[in-house]
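1. Below is the structure, and that's it, no one-letter string:
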């Protein structure tokens, strides 16, 4: 943490919230010699209300972009499901192999751009107050875009590569959502909005639960218990229980995915409203 501010001069690693100029040795009543911003504005703390205007504008754009990416992901998912269910007899052969996956590059790319803006470094925040989740959320979004483009663009993949992709891509998605939730909690606490921070933490727990369910589905696949079509034609109590287990697992996963997307949309919207409020207060009257 930065050292306390002396009554006469500033001691420690305080920087101007506008230009980043080191303020050590200046009077709290003076102004920044580089840009003229009052020093008192830069020593109030590390809350978002005291962040630089440029940083607030950047994360506001990032929050908006991530918000629309979450909504677009849900809309495309519903559209793909409906297209496959209602138009399967009229869809071209390339749709099942490539098209149904390739369309997700649009929301994934939009999400990556949003996180590049949202999770940028705040030069006014002391390093010890930063979180490693910022960098993880920022770069994992781009890793997901590259991995998904490889999976879609080079389909059909060889069995060994496809098996690796089926493991790596869900892990990247889950790691990104967990990091995103923890970073949004970090931002909410800087707002400070503890209720939003609590919702972001629940987002992380829901993502972990989703990972457990996906792992359970992979385990069923590995042990040869994954084909509901085969199970449906098999009689006996074990087959019925396995069929029920697959169905319950699918619908719980679907519900968790919708929960994650809707909460991400809501949390980013509330934080964006707070950031815009801070910008209005900081704007000259």
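-> Great, that's in hand. Just so it is clear, the structure is predicted and the values come from calculations on it, not from any experiment. Numbers count the residues shown, from 1 in each chain.
2. Excluding chain neighbours, what is closest to residue 217?
-> residue 249 (5.6 Å; C-beta to C-beta, 6 or more residues apart in numbering). Glycine gets a C-beta too; all of them are placed from N, C-alpha and C.
3. what kind of secondary structure is that neighbour in?
-> Judged by DSSP: H, G, I helix; E, B strand; the rest coil, the three-state class of residue 249 is helix.
4. quick one: it from residue 212, how far?
-> 10 Å (C-beta to C-beta, to the nearest Å).
5. who has more neighbours, the two?
-> Of the pair residue 249 and residue 212, residue 249 is the one with more neighbours under other C-beta atoms under 10 Å, namely 15 against 10.
6. so how far is residue 168 from the residue nearest to residue 217?
-> 21 Å.
7. So for the residue most central in space within the chain, what's the pLDDT?
-> Closest to where the C-alpha atoms of the chain average out (C-alpha atoms, centre = their mean) is residue 180, at 3.6 Å. The model reports residue 180 with a pLDDT of 97.
8. Now do the same contact list for it.
-> 66, 115, 133, 137, 264 (C-beta atoms under 8 Å, 6 or more residues apart in numbering).
9. Please name the nearest non-neighbouring residue to the fourth one.
-> With C-beta to C-beta, 6+ apart as the measure, residue 179 is the residue that lies nearest to residue 137, at 4.0 Å, once sequence neighbours are left out.
10. helix or strand for the one you found, which one?
-> Taking DSSP states H and E as the definition, one finds residue 179 inside helix 159-190.
11. Buried residues of that helix, list them for me.
-> 165, 169-170, 172-188, 190 (16 or more other C-beta atoms under 10 Å).
12. still on that earlier bit, so how far is residue 23 from the residue nearest to the centre of the chain?
-> 33 Å.
13. can you check residue 83 too?
-> 58 Å.
14. neighbour-wise, which of these two wins?
-> Higher neighbour count among residue 83 and residue 23: residue 23, with 25 against 16, using other C-beta under 10 Å.
15. residues in contact with residue 60?
-> Contacts of residue 60 (C-beta under 8 Å, 6+ apart): 272, 275, 276, 279.
16. Which of the residues you listed fall in helices?
-> For the contacts of residue 60, membership in helices holds for 272, 275, 276, 279, with DSSP state H as the criterion.
17. Just the buried residues of these.
-> 272, 275.
18. Most widely separated two among the ones in helices among the contacts of residue 60?
-> Greatest spatial distance in the ones in helices among the contacts of residue 60: 272 and 279, 10.5 Å, computed using C-beta to C-beta.
19. Helices along this structure, start to end?
-> 53-86, 93-94, 100-102, 105-118, 132-153, 159-190, 194-222, 228-232, 237-282.
20. Quick check: buried residues in the first one?
-> Yep, that's helix 53-86 we're talking about. Applying 16+ other C-beta under 10 Å to helix 53-86 flags 55-56, 58-74, 76-77, 80, 83 as buried.
21. got the angle for that helix vs helix 132-153?
-> 40 degrees (axes from the mean of the first three to the mean of the last three C-alpha atoms, to 10 degrees).
22. As TSV, the ones in helices among the contacts of residue 60 with pLDDT and distance to residue 208 would be great.
-> As requested, these are exported to TSV (pLDDT from 0 to 100; distance: C-beta to C-beta, whole Å):
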residue	pLDDT	distance to residue 208
272	96	26
275	94	28
276	94	31
279	90	34
